[in-house]
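Visitor: could you look at this predicted model? Sequence included:
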Amino acid sequence: MGDHRLNRRELLKRGAVGAAGIAGLGMLGDLDVSRALAAAPVAAGGIDPMLVAAAKKEGKINLITLPRTWADYGEIMDTFSKNYGISITDDIPEGSSSQEIQAIQNFKGQSRGPDALDVSLAWAINGAQAGLFTPYKVATWDTIPDNMKDPTGKGLYVGDYYGVVAFLAVNSIVKQAPKDWSDLKSPKLKGMVALGDDPRKAGEAFAAVFAASLANGGSLDNIEPGINFFADLKKSGNFVLAQALNGNIAKGITPVAIRWDYLLLAARDEYASNQAMTVNIPTSGRYAGPYFQAISKYAPNPNAAKLWEEYLYSDAGQLFWLKGYTHPARFADLAKRNVIPQALLDKLPPPDAYKNLHFATGAQITAAQAVLTAQWGPKVAGS
Amino acid sequence: MAQAVSQESPTAVARPLHPRAKGLARWHSVADWLPVVPFFLFFSVFLLLPTVWLVIGAFQTDSGSFTTSNVRGLFDSDILDAYKTSLEISLASALTGGIFGFFVAYAMIRGNPPRWIRPVLSTFAGVAANFAGIPLAFAFAATLGTTGVLTVFLKSHGIDLYQSGFTLYSFTGLVVVYTYFQMPLMLLIISPSIDGLRREWSEAATNLGASTSQYWRWVGLPVLWPSILGAMVLLFGSAFAAYATAYALVGSEFNLVPLLIGRNVESDFIGNPQQANALAFGMIVIIGVVMLIYTVLQRRSSRWAR
Amino acid sequence: MKHGLLRNPWNLLWLVLAALYFLVPLYGTAEFSLETTPGHHGFDAYQAVLGQSQFWSTFSLSLEIAGCTVVISLLLMLPTVFWVHLKLPRLRPVLDVIAVLPFVVPPVTLAVGILRLFEAGGAQTSGIGNVFIGQPSNWLLSGSIFNLPPGIQLLALAYVILALPFTYRALDAGMRAIDLRTLSEAAQSLGSGWLKVLLWIILPNLRSAMLSAAFLTLTLVMGEYTMASLMLLNTFPIYMFQIGNEQAYQAAALAVISLLLTWIALLGVLVLGRTTNDREVRIGGAH
């Protein structure tokens, strides 16, 4: 993988057909977008009807750690359930990736164990090495970029979507929404800036530190400038160590939040009638982080799990993820085939915002994590 | 433990037992133990075994071989610091919660308030004692945070909390928040002991001419002292293990042992489960010592309970 | 007694302080939960919360688990405490220590330990091992009793341990308060067996203690997150955590609602506990 630079324009360019074809889908309202997505053709090649029948026979699927407001998972789960008549159990929606792996281990051979996972890269690699996954290649496998696939080529895990670290500002409190990392240092933002979680623990906060590093002279092999950036921000009083959860944002406790773009954009929409918010992708230091799908080797409902993956990687599933403001794995393919509704494209941030993205490899993440865990406490948390 | 005297039924010891009866007596004594077997079995399986498993895990490497490195690692400066901060917070909140809770309990029981106060306060205490985590952190942030109702209210009356350096995300702030579930816990635990403070004693003391402070010095406190201390020990334990509230409030700022454990077992990155085991083992040792003190105090105080 | 409080103004002060300390943070939450559009107030957030089926399903799941925990606790503890008080007083100190041990072990460890234990047990798929260890383990992990959701029995058993310090204290104090020995010997001399003595003589006198135990168990179950999450059961605290993370106004509304609901439930327990001679229910761990 390596320091792979992807941007939306390049992805769009890879499809030969230009914008002309996209306009063909017409201008649709938001409700129409949902309806269109729900009715969208399931996959370029269609899903194997035998699989559908086997999955329906199982009748249920155990999912885990999928918050409803994360990447539009709520709508995805509801639509999947309705379309195939498969009832979904979503365990511990706010759990972390480690809990997903633990759940597989704790519930081996039990009917309550998880079927399919959505995990961070570190745990995808770990789970694969521990032999906890069943390899599976979805029908649309070939349209998924190589850097989103498990490097052994077996298909033990596959990238589902990625987001980019972004800023959110509550308009009533912050007159000038920060557009870049240096804006965060403004004295007007005293006591306002927060991460979503502890970077030693949560992928999104870790990504924020990495992004800060990229913007301040660091690289994917050097996260220290990022740690120093936050240390300075803490010293100046701008950075608070509260969690930038939706409640805290809306209440004005953490009016400037640094989280994944899709989380912030969803929050902006959700609270539009209560508190106007502005979301910006920083002009420098753009770090992208994918999550990965995997099927448990001990899945009590393996066919339902496979169908779930097929659905997620079908046009319909991918477009729902896009609606949730993430960049789905097959974005380039969807754009190339002009299946993205214009209304949806209009709602997304401008393509320029997604130029110069940086994706770290598993090895780079592990190394950076070690540095962060050692230095974050003493330098930033002051302990 | 005055009540612990074992009194045999009067008929048992009178005459020497017939040999057949002796056998029956032995069977009888085995049968005596049978009814408590289910409990002990349950307890062994559901508490002892997992604890033993944890302790063993604290001394194992990834591959399962014996090592003391995890436990020795507990003496790293940042981990020792975590234990120190955890101990400080637990001690502080046990004191604040304990003292506050004691006085409120006393006022509720001995202060002759209207009859409805005790049930309302006790039930509310039951709820508040478990009101922890994000809701509690948010409640205080919504009250004492930078945009909190109380902060704003005080500011409009000329008192700027944050200007004077106060912040909710500090040691003080955490203690203030912890007290929210410590105080009710104290109230619930100490109430029966205050009930046991017989009215006759205070009346007798007054009759003999004692002042309030003399009463407390020579009757009240000596009787209640072990219970109060014992209750505060429980409060200490509850604060020491508290995770959700600390995480929601100061998750990435403070070095607390439960947060360290959480970082190793509930994370998007590969933590160190052996270290988590060792950390938990350390917690067990500390709380074990504290609980030992509690049981000793407990024995002394039950002299006075009903 | 209306002016009783004023006799010693300190008592009044402490009660007022307690009321303020409890209520002001809740006011902060409630005020936020009533915000709709800027400058307006309304119950939108409350309607949204109460309209979600997940609210009701997780709340009832937690109530079911609490019920199971109370039943198992009482079934286990009543005979034990009764027997120890009557026949095995030497075990009293042992029980005192045991009752305090659950505080010592972190809930994470407990839950993982229990899960791994029964998962290993469930792997015994052959012969006698299967019958005595394998099947029961599998049932504990994934089976369901009385059509209740699967797997709650294991969590209930774990909660019995967590609640042990409180239930034991309550039952122990209750049994100490009644003259156990006289009552049982009287009943026995009239021809009752032990079971009858326990059921018909002792239990009715322990109503207040049992309710106190139920009270504390209920609050514990409604507030416990870690073990439920490890056992993959979507209980009410897990739902609250989810809303707390994902939502803003609804989270505040949910906090207020859950507080009120639990409080009303506890008041209900209290009312149920009023005996005919209006003896107060002793709430809280007794010494």
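Guide: All right, it came through fine.
Visitor: distance between the helix of greatest length in chain C and the chain's centre?
Guide: Counting residues, the longest helix in chain C under DSSP state H turns out to be helix C:53-86. From the chain centre to the centre of helix C:53-86 is a distance of 7 Å (CA atoms, centre = their mean, to the nearest Å).
Visitor: in stretch C:193-208, which residues are buried?
Guide: Neighbour counts over stretch C:193-208 (16 or more other CB atoms under 10 Å in any protein chain shown) mark C:W194, C:V197, C:L198, C:I201, C:I202, C:N205, C:L206, C:R207, C:S208 as buried. All C-beta spots, glycine's among them, are computed from the backbone N, C-alpha and C.
Visitor: in helices only, show me the residues you listed.
Guide: Taking DSSP H, the ones among the buried residues of stretch C:193-208 that sit in helices are C:W194, C:N205, C:R207, C:S208.
Visitor: from what I see, C:M240 and C:V256 are in contact.
Guide: No: between C:M240 and C:V256 there is no contact under CB atoms under 8 Å: 11.4 Å.
Visitor: which of these two has more residues huddled nearby?
Guide: C:M240 (25 against 20; other CB atoms under 10 Å in any protein chain shown).
Visitor: pLDDT score assigned to the more buried one?
Guide: The model reports C:M240 with a pLDDT of 87.
Visitor: could you measure from it over to B:D76?
Guide: To B:D76, C:M240 is 35 Å away according to CB to CB, to the nearest Å.
Visitor: wait, what's in contact with residue 106?
Guide: You didn't pick a chain, so chain A it is. When contacts are counted by CB atoms under 8 Å, 6 or more residues apart in numbering or on different chains, A:N106 touches A:G113, C:V112, C:L115, C:R116, C:E119, C:L230.
Visitor: oops, I was thinking of chain C
Guide: C:P106 touches B:A241, B:P258, B:I261, B:A280, B:M283, B:I284, counting by CB under 8 Å, 6+ apart.
Visitor: mind checking how far the helix or strand containing the last one is from the chain centre?
Guide: When elements are assigned from DSSP states H and E, B:I284 belongs to helix B:273-301. In terms of CA atoms, centre = their mean, the gap separating the centre of helix B:273-301 from the centre of its chain is 11 Å.
Visitor: tell me if it is near chain A.
Guide: No: applying CB under 8 Å from any CB of the partner chain, one finds helix B:273-301 out of contact with chain A, separated by at least 9.3 Å.
Visitor: follow-up on the earlier one: quick check: the farthest pair among the contacts of C:P106?
Guide: Using CB to CB, the contacts of C:P106 span at most 12.7 Å, a distance reached by B:P258 and B:I284.
Visitor: more crowded one of those two?
Guide: Per other CB under 10 Å, whichever of B:P258 and B:I284 has more neighbours is B:P258, with 23 against 20.
Visitor: look at A:K57 and give its secondary structure.
Guide: For A:K57, the secondary-structure state derived from DSSP: H, G, I helix; E, B strand; the rest coil is helix.
Visitor: which among the contacts of C:P106 gets closest to B:L41?
Guide: B:I284 (22.3 Å).
Visitor: convert stretch C:152-167 to PDB, retaining C-alpha atoms only.
Guide: In PDB, the C-alpha atoms belonging to stretch C:152-167 read as follows (Å, rounded to 0.1, in the frame of the first residue of the first chain):
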ATOM      1  CA  ILE C 152     -30.000 -13.600  29.900                       C
ATOM      2  CA  GLN C 153     -29.700 -16.300  32.400                       C
ATOM      3  CA  LEU C 154     -25.900 -16.100  32.400                       C
ATOM      4  CA  LEU C 155     -25.900 -12.300  32.900                       C
ATOM      5  CA  ALA C 156     -28.500 -12.700  35.700                       C
ATOM      6  CA  LEU C 157     -26.200 -15.200  37.400                       C
ATOM      7  CA  ALA C 158     -23.300 -12.800  37.000                       C
ATOM      8  CA  TYR C 159     -25.500 -10.000  38.500                       C
ATOM      9  CA  VAL C 160     -26.300 -12.200  41.400                       C
ATOM     10  CA  ILE C 161     -22.600 -12.100  42.200                       C
ATOM     11  CA  LEU C 162     -22.400  -8.300  41.800                       C
ATOM     12  CA  ALA C 163     -25.500  -7.800  44.000                       C
ATOM     13  CA  LEU C 164     -24.300 -10.300  46.600                       C
ATOM     14  CA  PRO C 165     -22.900  -7.700  49.000                       C
ATOM     15  CA  PHE C 166     -26.200  -5.900  49.100                       C
ATOM     16  CA  THR C 167     -28.600  -8.900  49.100                       C
END
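Visitor: average pLDDT for it?
Guide: The model assigns stretch C:152-167 a mean pLDDT of 90.
Visitor: ok, stretch B:156-164 next?
Guide: Per-residue scores along stretch B:156-164 average to 80.
Visitor: then stretch B:208-218?
Guide: The average pLDDT within stretch B:208-218 is 81.
Visitor: who's in contact with that stretch?
Guide: B:S202, B:A205, B:T206, B:V219.
Visitor: likewise for stretch B:269-276?
Guide: Taking CB under 8 Å, 6+ apart as the rule, stretch B:269-276 contacts A:98, A:120, A:122-123, A:126, A:200-201, A:203, A:206, A:365-366, A:369, B:57-58, B:60-62, B:70, B:73, B:260-261, B:263-265.
Visitor: got the CA coordinates for that stretch in CSV?
Guide: Extracted C-alpha coordinates of stretch B:269-276, given in CSV (Å, rounded to 0.1, in the frame of the first residue of the first chain):
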residue,chain,number,x,y,z
PHE,B,269,-5.9,-1.0,18.4
ILE,B,270,-4.2,-4.1,19.7
GLY,B,271,-3.7,-3.5,23.4
ASN,B,272,-1.8,-5.6,25.9
PRO,B,273,-4.3,-8.0,27.5
GLN,B,274,-1.6,-9.3,29.8
GLN,B,275,-0.9,-5.9,31.1
ALA,B,276,-4.7,-5.5,31.6
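Visitor: what's the mean pLDDT across it?
Guide: In this model, stretch B:269-276 has a mean pLDDT of 81.
Visitor: buried sites along it?
Guide: B:F269, B:I270, B:G271, B:N272, B:P273, B:Q274, B:Q275, B:A276.
Visitor: with stretch C:39-57 instead?
Guide: By neighbour count on 16+ other CB under 10 Å, the buried set for stretch C:39-57 is C:D44, C:A45, C:Y46, C:A48, C:V49, C:Q54, C:F55.
Visitor: do you know how far C:M222 is from chain B?
Guide: 6 Å (CB to the nearest CB, to the nearest Å).
Visitor: quick check: angle from the host helix or strand of that residue to helix C:53-86?
Guide: C:M222 is part of helix C:207-223, with elements assigned from DSSP H and E. Between helix C:207-223 and helix C:53-86, the angle comes out at 140 degrees (axes from the mean of the first three to the mean of the last three CA atoms, to 10 degrees).
Visitor: quick one: average confidence on helix C:207-223?
Guide: The average pLDDT within helix C:207-223 is 82.
Visitor: output the contacting helices and strands for that helix.
Guide: Judged by 3 or more CB pairs under 8 Å, 6 or more residues apart in numbering or on different chains; DSSP states H and E, the packing partners of helix C:207-223 are helix B:117-128, helix C:53-86, helix C:152-177, helix C:236-246, helix C:249-272.
Visitor: can I get those in a markdown table including distance to chain A?
Guide: Formatted as a markdown table, these follow (distance: least, CB to the nearest CB, whole Å):
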| stretch | distance to chain A |
| --- | --- |
| helix B:117-128 | 20 |
| helix C:53-86 | 9 |
| helix C:152-177 | 10 |
| helix C:236-246 | 5 |
| helix C:249-272 | 5 |
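Visitor: and B:N130, its phi and psi?
Guide: phi -110, psi 10 (degrees, to the nearest 10).
Visitor: residue contacts, the nearest residue to it once chain neighbours are set aside?
Guide: Nearest residue to B:N130, sequence neighbours excluded (CB to CB, 6 or more residues apart in numbering or on different chains): C:G223, at 3.1 Å. Neighbouring residues of C:G223 by CB under 8 Å, 6+ apart: B:N130, B:F131, B:A132, B:G133, C:P237.
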